[in-house]
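Asker: After the sequence you'll find the predicted model.
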Amino acid sequence: MTWYVDSKGSDAQDGRSASTAFRTLAHAVGAAKSGDKILIAPGAYDQDLPKQVSAARTANIVVVVAGSE
């Protein structure tokens, strides 16, 4: 499963497409399971991204910034 995160998204959405992206990486990490992928759109985020990326990778979740694949 691929989960989407965009600084213009909303955590009230389902995160399953670019048009329904979550706003926070933390929300995506909470929804994702081992083996899933989180795709982060470029943007300004007011979160502790390194900490969230580390948590995701510890849970065997792949985190990719869109355009860097």
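Answerer: Received it, and whenever you're ready, just let me know what you need. Numbering: from 1, shown residues only.

Asker: secondary structure class for Ile38?
Answerer: Secondary structure state of Ile38, per DSSP: H, G, I helix; E, B strand; the rest coil, is strand.

Asker: what's the burial count for it?
Answerer: 24 (other CB atoms under 10 Å). C-beta: built from backbone N, CA, C; applies to glycine.

Asker: And for Val62?
Answerer: 13.

Asker: Enumerate the beta-bridge partners assigned to the closest residue to it other than its chain neighbours.
Answerer: Spatial nearest neighbour of Val62, chain neighbours left out: Lys37 (4.4 Å); criterion: CB to CB, 6 or more residues apart in numbering. Taking DSSP bridges as the rule, Lys37 bridges to Thr2, Val62.

Asker: mind listing the helices for the protein?
Answerer: Per DSSP state H, the chain carries helices over the ranges 25-31, 49-58.

Asker: Give the other helices and strands that the last one contacts.
Answerer: When you say that, I think you mean helix 49-58. helix 25-31, strand 62-65 (3 or more CB pairs under 8 Å, 6 or more residues apart in numbering; DSSP states H and E).
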